[in-house]
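Chemist: here is a sequence together with a model predicted from it:
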Amino acid sequence: TMGVSQTKTIDIYGNIKSGSNAGEWIANIDATATGAVTGSTVDADAVNLQTITLSTAVLTAAVNTGATPDSTNVIAGASDVKVGSFRFTAQYSPYTVQEIKVKVPANAATSVTTVTLKYKEKDANGNLVATSASQALALSSGSQTHATATFTGLTFYISQNTDADLDVYVGVPTVASGASSGSAISAVLDYDEGFKAVDSSGTSDTSLASADLNSAATTGKGTMYPRRSIATLSSTPITDALNAGSNQVIGRVTVAANAAGDISWKKLAFTVNKTAAVTIGATTTVALYNSANTQITGTFATTTGAQLAQTESFTVLATSGTLVFEATTEQQISAGSSVSYELRGTVGGLAAGSNLSVSVAAPSTSATTVAYATIHTQVGDTGESFVWSDRSSISTVHSEATLDWTHDYLVKTLPLTVGNRSVSF
């Protein structure tokens, strides 16, 4: 019943069948009324309501490369190490992800204690709030390539027509508790097993993609390598005017050990770029000194190998090359401390405009953890610029033969300039 000159808003609701065809849908209504005083019947003109577009809800997922961390060495024993970020996109309906399986490569499984998912859920007031869920990793068996953390009862909410990220973190045990130095920890979301997401109609989606999603899919991303300790290289490059003569300092580098434990190193290669006429004396005159001004016993070789019979480290008119130093015995650096080194040699052939630049490169492109001799295979080998160990061997006392040596891959802060000197005349 309506009074004279009154208006009334009527909301119309309807249930949409799950089998309805996708596309535009328009409701058309008309109305008939009877006057309370006159008793006359009045028909209202038919009118179309708003256009409603029916679509099938779609949920897609992909690795969020921008939010996935760069691959790096991590200290064994660290908790809450972020491995990967995965972006979910909901179209035409909100979704709640309730179940998911996270896989870790089988050979890295003992290096993971727990897997934690961090995401946003919808609270009682309809606000999105951060939350997390953790699961232990079930170790693989037989021919299985991955260990698995199975999550159920999740409340990961993706609003309609928006994106939301699911971040994967892991806990890493100490080496003594099972972490394997140098094992490659990555996170893989299983695309067709153990996945369940529900849209607003209650329809379940049990496949998140067409294939597994791997945090390490992009080179240099999403792989964590546990180490008992970590070596770091730094420098305050020498930039003084370049002078001719013996015992000239042409580079300075500092090697530091993380507070978690001692490290050792045995090989350090210096990349040299110079004006062609500038000479560096024979490898027998090149030396490495520590901050106590003590020469480190070892052998220098050039790019093409030992050249002890020559008077210069590089061939005539060479503008670049590598000086490879191998210490006679490994150089141990105590946890939380550092040692600085100076590269010295005999410099000659200077003229106006002469320059001599020295750096430590980063030529290695993949991780390894093996015996020292497996990495440095011959005198003058330039395949790697730095060979070091986290001294993580437990079953056997650490030595050059134990499988706890690695190289410059992911060592910070390589590549590194350690010297850049020019003449002042």
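Modeler: Received it, and whenever you're ready, just let me know what you need.

Chemist: tell me where the stretch 251-400 of the chain has strands.
Modeler: 263-274, 279-280, 287-290, 298-301, 320-333, 338-348, 355-360, 386-389 (DSSP state E, counting those that start in this stretch).

Chemist: which elements pack onto the longest one?
Modeler: In this case it means strand 320-333. strand 245-257, strand 263-274, strand 298-301, strand 338-348 (3 or more CB pairs under 8 Å, 6 or more residues apart in numbering; DSSP states H and E). Using the backbone N, CA and C atoms, a C-beta is placed for each residue, glycine as well.

Chemist: do that again at 6 Å, thanks
Modeler: Using 3 or more CB pairs under 6 Å, 6 or more residues apart in numbering; DSSP states H and E, the elements in contact with strand 320-333 are strand 263-274, strand 298-301.

Chemist: now swap in the last one and tell me
Modeler: With contacts defined as 3+ CB pairs under 6 Å, 6+ apart, the packing partners of strand 386-389 are strand 263-274.

Chemist: let's see 8 Å
Modeler: So strand 386-389, by 3+ CB pairs under 8 Å, 6+ apart, packs with strand 231-234, strand 263-274, helix 372-375, strand 405-406.

Chemist: mind putting those into CSV with mean pLDDT and mean neighbour count?
Modeler: Converted to CSV, those look like this (pLDDT from 0 to 100; neighbours: other CB atoms under 10 Å):
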stretch, mean pLDDT, mean neighbour count
strand 231-234, 98, 20
strand 263-274, 97, 23
helix 372-375, 96, 16
strand 405-406, 98, 29
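
Chemist: out of these, nearest to Val170?
Modeler: Smallest distance to Val170 across those (CB to CB): 20.4 Å, for strand 405-406.

Chemist: distance between that closest one and the chain's centre?
Modeler: Averaging C-alpha positions (CA atoms, centre = their mean, to the nearest Å) puts strand 405-406 20 Å from its chain's average.

Chemist: report the angle between the helix or strand that it is followed by and strand 355-360.
Modeler: Next along the chain after strand 405-406, taking DSSP states H and E as the criterion, comes strand 416-422. Put simply, strand 416-422 runs at 170 degrees to strand 355-360, going by axes from the mean of the first three to the mean of the last three CA atoms, to 10 degrees.

Chemist: contact partners of strand 416-422?
Modeler: Residues outside strand 416-422 that contact it (CB atoms under 8 Å, 6 or more residues apart in numbering) are 233-235, 237-242, 249-253, 270, 343, 353-360.

Chemist: got a quick ChimeraX command for the buried subset of these?
Modeler: Selection of the buried residues among these in ChimeraX, burial being defined by 16 or more other CB atoms under 10 Å:
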select :233,235,237,238,242,249,250,251,252,253,270,343,354,356,357,358,359,360
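
Chemist: quick one: Thr284 from Gln331, how far?
Modeler: Distance, Thr284 to Gln331, using CB to CB, to the nearest Å: 20 Å.

Chemist: now Asp70
Modeler: From Asp70 to Gln331 the distance is 28 Å (CB to CB).

Chemist: which one of those two has more residues nearby?
Modeler: Gln331 (21 against 11; other CB atoms under 10 Å).

Chemist: my read: the more buried one touches Ser338, true?
Modeler: No. With contact defined as CB atoms under 8 Å, Gln331 does not count as touching Ser338 (11.8 Å).

Chemist: between the two, what contacts are shared?
Modeler: With CB under 8 Å, 6+ apart as the test, Gln331 and Ser338 both reach Val255.

Chemist: need the helices and strands packed on strand 320-333 in TSV with distance to Ala133, can you?
Modeler: Compiled in TSV, these are given as follows (distance: least, CB to CB, whole Å):
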stretch	distance to Ala133
strand 263-274	36
strand 298-301	52
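
Chemist: what count of nearby residues applies to the nearest residue to Thr346 once chain neighbours are set aside?
Modeler: Counting by CB to CB, 6 or more residues apart in numbering, Thr346 lies nearest to Gly281, which is 3.1 Å off, once chain neighbours are set aside. For Gly281, the count of nearby residues is 17 (other CB under 10 Å).

Chemist: what do you get for the one 5 residues further on?
Modeler: The local packing of Val286 (other CB under 10 Å) involves 21 other residues.

Chemist: next one: it from Val347, what distance?
Modeler: Distance from Val286 to Val347, by CB to CB: 11 Å.

Chemist: just to revisit the earlier point, quickly list what the residue nearest to Thr346 is bridged to.
Modeler: Glu312 (DSSP bridges).
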